[in-house]
Every structure is written in C-alpha cells, then in structure tokens.
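Enquirer: Give me a model of this one.
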Amino acid sequence: MANSTLDLARSVRAKLEKEKDRLAKLQSPWLITSEIPEADLLVKLFDIVYYTSLKTEEGRPVVTRLCLVNPDKPEDSPPPMPRLSRWQLVPLAERLPLTVPALVKIAKAADPWSSALAVFFDERHEPYIWGLIDQTCTGIECSCEKAAATTHRDYLTWRLAASPTSLFIAGLPC
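Expert: Residues are numbered from 1 along each chain as shown. Model (predicted):
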C-alpha cells in the first residue's frame, strides 16, 4: 500500500517498466519504446491531478483525462494501416503550463468520455499541456475503476482511485 505520492509514483513506474519489459520479451507489435518518466516527475503529475480533482468549475466537479505523451514521438508503435475512426491528436498553438488553475479552466474543453489532454515535461522538468486527443474512448475502457495497470493494445492506463481524473501514461490507444 502506498503511504505517499512518491510511493505511488515509484509503484507506477515499476509497473510500467515491468510491462515494457514484458512486451519486449513477447516481441509484441505494441512495444513501448518511450522512456518511462522518473518517479519525481510522476509525483508532480499526481499532485496536480489530485489537487485539481478537489476543485469545482461553475459549481461542478472538474473531470478530465490526461495522457502523458512525448510531442516528439506521440506513438511508440503506430499501426501500419490506421482505421478511419482512429483517435486524432491536435496540437495546441502554444503550450500551456500544467498547473491546477490552468487544468481547472481547460478541463471543460476536453470531455473525458471522448477526449484527453496531451501533457509532457519541458527541459526544466515542468509539466505542460500541448495538445488534445479526440476519440479516446474508441480504444479504451472508460470505466476502469481499479488503481492498477491494465494493458490494451499499445498503452497503459492508470486511474487514480477516489478521483474523477484519469491519467494515461506511455503510448496512446489505437
């Protein structure tokens, strides 16, 4: 059981590394080639997600979904022939700092049923929002309730228990 956000981040990182190794051994077509974020970076994300989940916007709870995606390499294993109904990644004109106030405001633009915000870290290890991913529910299970990793194609899903916010780490759903 995690006693702190750092414990949770270490656990998440360890499970991601284990899954990355498992997929490599299987020679899976959905390899995770991206670098797994360090625990201290995950702590920053978890803290922002947690404190955002305590906020309301226009009297309603803030609900959003984040995908940790490197803008230089948005997919680890793109399919050779993507289907027409596949998700779309739309970059923002400018990066937004990933802070609690910014996430509270932009969350309404990304309905978690059908979209997610693409986030990553800059060279100073500060998180930022850089894009919007549309149609994420066509490839993911939207009602994942356990705080454990589940694999589906080329991504790992993490849902933080007791929080209306989901955080997706690693590749994107097909």
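Enquirer: quick one: strands adjacent to the lengthiest strand in the chain?
Expert: Ranked by residue count and defined by DSSP state E, the top strand of the chain is strand 88-97. Strand 88-97 sits in its sheet next to strand 127-134 (antiparallel), going by DSSP bridges.
Enquirer: What lies in contact with the strand it pairs with?
Expert: 41, 44-45, 48, 67, 69, 71, 87-92, 95-98, 102-103, 106, 109-110, 114-122, 172 (Cβ atoms under 8 Å, 6 or more residues apart in numbering). Every residue, glycine included, has its C-beta placed from N, CA and C.
Enquirer: what's the average pLDDT for that strand?
Expert: When pLDDT is averaged over strand 127-134, the result is 92.
Enquirer: show me where pLDDT drops low in the chain?
Expert: 1-2, 28-31, 76-79, 82, 84-86, 135-174 (pLDDT under 70).
Enquirer: Which parts of it are strands?
Expert: According to DSSP E, the strands that the chain contains are 56-57, 60-61, 65-68, 88-97, 115-121, 127-134, 150-152, 155-159, 166-169.
Enquirer: With distance to residue 14 as added columns, please give these in a markdown table.
Expert: Putting the strands of the chain into a markdown table (distance: least, Cβ to Cβ, whole Å) gives the following:
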| stretch | distance to residue 14 |
| --- | --- |
| strand 56-57 | 34 |
| strand 60-61 | 31 |
| strand 65-68 | 16 |
| strand 88-97 | 28 |
| strand 115-121 | 19 |
| strand 127-134 | 21 |
| strand 150-152 | 15 |
| strand 155-159 | 12 |
| strand 166-169 | 12 |
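Enquirer: Please work out which of these is packed deepest.
Expert: Comparing the strands of the chain by mean neighbour count (mean count of other Cβ atoms under 10 Å), strand 65-68 ranks first with a mean of 26.
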